[in-house]
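Q: build me a model:
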Amino acid sequence: MTESINDTSERPTRYYEQTRPEMLKYVPADVKRTLELGCAFGGFSAAVKKRFGAECWGMELDPEAAQVATGRLDKVIVGDIVEHLGELPDNSFDCVICNDILEHLVDPYTLLMDLRAKLTADGVVVASLPNIRYCRILFDLVVRGNWDYKEHGILDKTHLRFFTYKSLKKVFPKLGYELLTIAGLEPEPTWPARLVKILNLLLFNVFVDTRFHHFACVARPVR
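A: Residues are numbered from 1 along each chain as shown. I've put the predicted structure just below:
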């Protein structure tokens, strides 16, 4: 077993089928070659390939998922991200995609620093990360006293790292990146959103970030 990501043997099929279409707009329109870490069945990168005509690579730990992705992408490397990173050519990717993968890693920080060498001069990292301050999680913890891990979602039992809006604004600059974009995804549509709105009116928007389930980040290495 590797130390960088959890065992995938019990993952439900739907985990590998997610295509995350809401993340497509964060991929640069002029992209020529991409690398997706944890590409699963390759659905997202296949959409990138179709929309932008890019050469799309993927890395995937699960052999069966990687086999599916191989039929969709230009190149798929099977195995642990950290162990195989050295096999990737330097200065080669216009965009490295990390959709819901960094939170599964023991040390996503070193990985992000090492990825800088793999990017072209104008290359970016595009990442989707869950928000641990999401209003439902916050309500369960503060009001109900619950912190229960789940099979999937923000408290997925395989998540090793947790992020907030403020922590993400600090993390990328500390690792040598300029954070170009940080945007909330999947805003809460039901009663917690109304509660958050009231609290923000009373407390000067201190809870505004809690509406969002995920954050999309686009970051470029500082040259």
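Q: what's the weakest-modelled helix or strand in the protein?
A: Lowest on mean pLDDT, DSSP states H and E among the helices and strands of the chain sits helix 13-17, with a mean of 54.
Q: what is the following helix or strand past that one packed up against?
A: Proceeding C-terminally, helix 13-17 gives way to strand 33-37 as the next helix or strand, assigned by DSSP states H and E. Judged by 3 or more C-beta pairs under 8 Å, 6 or more residues apart in numbering; DSSP states H and E, strand 33-37 is in contact with helix 43-52, strand 55-60, strand 93-99. C-beta: built from backbone N, CA, C; applies to glycine.
Q: can you do 10 Å?
A: Strand 33-37 sits against helix 43-52, strand 55-60, strand 75-78, strand 93-99, helix 108-115, strand 119-130, with contacts defined as 3 or more C-beta pairs under 10 Å, 6 or more residues apart in numbering; DSSP states H and E.
Q: now for those, which one comes closest to Leu85?
A: Leu85 lies closest to helix 108-115 among the helices and strands packed on strand 33-37, at 5.9 Å (C-beta to C-beta).
Q: quick one: the closest one to strand 93-99, angle?
A: Following axes from the mean of the first three to the mean of the last three C-alpha atoms, to 10 degrees, one obtains 160 degrees for the angle between helix 108-115 and strand 93-99.
Q: now do the buried residues in helix 108-115.
A: Pro108, Leu111, Leu112, Leu115 (16 or more other C-beta atoms under 10 Å).
Q: tell me who's in contact with the last one.
A: Looking back up the chat, that one is Leu115. By C-beta atoms under 10 Å, 6 or more residues apart in numbering, the contact set of Leu115 is 35, 37, 81, 85, 88, 93, 96, 98, 123, 125, 175, 177, 219, 221.
Q: need those residues in a markdown table (columns: neighbour count).
A: Shown next, in a markdown table, are the contacts of Leu115 (neighbours: other C-beta atoms under 10 Å):
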| residue | neighbour count |
| --- | --- |
| Leu35 | 28 |
| Leu37 | 25 |
| Ile81 | 24 |
| Leu85 | 19 |
| Leu88 | 18 |
| Phe93 | 25 |
| Val96 | 24 |
| Cys98 | 24 |
| Gly123 | 23 |
| Val125 | 27 |
| Leu175 | 20 |
| Tyr177 | 21 |
| Ala219 | 26 |
| Pro221 | 21 |
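Q: quick check: closest non-adjacent residue to Ala117.
A: Asp90 (5.0 Å; C-beta to C-beta, 6 or more residues apart in numbering).
Q: surely the one you found meets Ala121?
A: No. Using C-beta atoms under 10 Å, Asp90 makes no contact with Ala121, being 11.7 Å away.
Q: so which of the helices and strands packed on strand 33-37 is nearest His159?
A: Of all the helices and strands packed on strand 33-37, strand 119-130 sits nearest to His159, with 7.3 Å by C-beta to C-beta.
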